[in-house]
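Asker: Sharing a model that was predicted from the sequence below.
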Amino acid sequence: MSDYHVTAMLEEAVDMLACRPGKIIVDGTLGGSGHARRICEQIDPGGVLIGIDQDRDAIDQAHRVLPTEEPRTHIVHGNFVDLPLFLSQLGIDAVDGILIDIGLSLHQIEASGRGFSFNRDEPLDMRMDVRSDDTAADLVATMSERDLAQLFSRYGEERWAGRIARHLVKHRKTHPVTTSGQLARLVAEAVPAAAVRTQKIHPATRVFMALRIVVNRELEVLDRFLGTAVDLLNPGGRLCVLSFHSLEDRIVKHRFRAMESPCTCPPSFPQCVCGRQATVRLLTRKVFRATDAEIRKNPMARSTRLRAVEKL
Ligand SMILES: C[S@@+](CC[C@H](N)C(=O)[O-])C[C@H]1O[C@@H](n2cnc3c(N)ncnc32)[C@H](O)[C@@H]1O
């Protein structure tokens with residue numbers, strides 16, 4: 001186990017990829033490289049790992065902990081949505097497995113200094129890739145009250161979105177909101193005291209999640225990626241997704257179902273006339289979750305969900 005991240009559902013996710021010696025596998029979210037290291041053990045000898053992360057720190061970690069010779073590893077600093085481009089640059093037409101484990105690493109929350117945690121007072125940045133444009137502070141400074149309220153409600157499912165947005169916009173007229181500590185305090189002030197007392201989570205949890213999702217365009221990227229990922233697999237190749245909240249899981253579930261049963265003919269038609277054929281077999285009819293034993297050791301695994309498909 002590394003200090004960088006505690007890997008969630010390590011066995012389940014890597015088993016689901018069906019790694020074997022000689023296989024070509026993509027880990028689209030290296031993080032602390034926990035999954036990637038296990039994949040490397042299983043594809044050796046003769047395998048190839050393509051490891052991607054949009055966070056420079058994860059790339060540095062991968063160079064520290066992944067094998068340098070066998071199996072062959074290609075470590076790429078970028079967004080997994082650009083996987084088709086990365087593969088063509090490497091001269092690889094198709095791969096045998098793709099894993100993405102989306103969300104934040106422990107390092108990003110605890111040690112990146114980029115304001116991902118409401119428990120720390122750091123610059124309000126929240127970009128996983130610091131080469132990208134807007135920070136969370138930019139959004140809080142420039143969005144209208146209405147748009148902020150919508151953002152908190154849609155991406156954080158925050159009940160007090162309107163009150164929080166109003167309070168932030170009033171406050172920013174005199175004091176720009178530039179740190180995670182300031183934001184956490186302002187959100188806590190806006191939520192009614194009775195609600196704060198009864199909530200099990202910090203009052204700023206949902207607002208932080210919503211901002212992070214939008215800063216990193218997480219849902220849009222996931223949806224676009226799932227639209228093309230299966231085209232990059234060899235027949236029998238597997239695509240596995242670990243997600244952490246219901247908005248992500250909904251996208252994965254719908255995309256996988258649409259690939260498994262793409263027929264759009266009305267149920268009353270005696271036979272299919274649209275001609276759309278399944279491209280995958282669903283490997284997780286019911287979502288897989290972490291075991292109680294794992295959750296006891298790693299409480300962050302509580303919300304992890306694993307879904308997977310196999311290309312026909
Ligand atoms: C939960 S961690 C992955 C942990 C990893 N599986 C392990 O075992 O250590 C998530 C990682 O995905 C990266 N990430 C999230 N979205 C990404 C994207 N669209 N493209 C590339 N990397 C992404 C984050 O920067 C973070 O390092």
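Answerer: That came through fine.

Asker: Do any residues in stretch 79-86 lie close to the ligand?
Answerer: Yes - using C-beta under 6 Å from any ligand atom, stretch 79-86 reaches the ligand at 79, 80, 81. Quick note: C-beta positions are derived from backbone N, CA and C, even for glycine.

Asker: so what's the second one up against?
Answerer: Applying C-beta atoms under 8 Å, 6 or more residues apart in numbering, one finds that residue 80 lies in contact with 26, 28, 29, 52, 54, 100, 221, 225.

Asker: can you rerun that using 7 Å?
Answerer: Going by C-beta atoms under 7 Å, 6 or more residues apart in numbering, residue 80 touches 28, 29, 52, 100, 225.

Asker: again, but for the first one
Answerer: With contacts defined as C-beta under 7 Å, 6+ apart, the neighbours of residue 79 are 54, 129, 221.

Asker: Okay, buried residues for stretch 108-117 please.
Answerer: 108, 109, 110, 112, 114, 115, 116, 117 (16 or more other C-beta atoms under 10 Å).

Asker: So which of those are in helices?
Answerer: Counted as lying in helices by DSSP state H, out of the buried residues of stretch 108-117, are 108, 109, 110.

Asker: Same list (the residues you listed) but as TSV, adding pLDDT.
Answerer: Shown next, in TSV, are those (pLDDT from 0 to 100):
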residue	pLDDT
108	97
109	96
110	95
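
Asker: Pick the one among the residues you listed closest to the ligand.
Answerer: residue 108 (6.2 Å; C-beta to the nearest ligand atom).

Asker: The closest one and residue 116 touch, don't they?
Answerer: Yes - in terms of C-beta atoms under 7 Å, residue 108 counts as a neighbour of residue 116; the distance is 5.3 Å.

Asker: List, one by one, the residues from the stretch 201-312 of the chain near the ligand.
Answerer: For the stretch 201-312 of the chain, the contact set with the ligand under C-beta under 6 Å from any ligand atom comprises residue 221.

Asker: Secondary structure element for the residue in the stretch 201-312 of the chain positioned nearest to the ligand, which one?
Answerer: Nearest to the ligand in the stretch 201-312 of the chain, going by C-beta to the nearest ligand atom, is residue 221, at a distance of 4.7 Å. Residue 221 is part of helix 218-228, with elements assigned from DSSP states H and E.

Asker: the helices in this protein, which residues?
Answerer: Along the chain, counting by DSSP H, helices occupy 10-17, 34-43, 56-65, 83-90, 106-110, 136-142, 145-156, 161-172, 180-190, 193-198, 205-215, 218-228, 246-260, 292-297.

Asker: Could you tell me the least trusted of the ones you listed?
Answerer: If you rank the helices of the chain by mean pLDDT, helix 193-198 sits at the bottom with a mean of 89.

Asker: Tell me which other helices or strands that helix touches.
Answerer: Here helix 193-198 touches no other helix or strand, going by 3 or more C-beta pairs under 7 Å, 6 or more residues apart in numbering; DSSP states H and E.

Asker: contact partners of that helix?
Answerer: Under the criterion C-beta under 7 Å, 6+ apart, residues 160, 188, 203 lie in contact with helix 193-198.

Asker: before we move on, the earlier item: isn't the residue of the stretch 201-312 of the chain closest to the ligand up against residue 82?
Answerer: No - in this structure, residue 221 is not within contact of residue 82 by C-beta under 7 Å, at 9.8 Å.

Asker: any idea how far the nearest residue to residue 6 once chain neighbours are set aside lies from residue 304?
Answerer: Once flanking residues are discounted, residue 6 sits nearest to residue 298: 4.7 Å by C-beta to C-beta, 6 or more residues apart in numbering. Look at residue 298 and residue 304: by C-beta to C-beta, to the nearest Å, they are 9 Å apart.

Asker: These two: who's more crowded?
Answerer: Taking other C-beta atoms under 10 Å, residue 298 and residue 304 do not tie; residue 304 has more neighbours (23 against 19).

Asker: per-residue pLDDT, that one?
Answerer: 97.

Asker: try residue 1
Answerer: Here, the pLDDT recorded for residue 1 equals 52.
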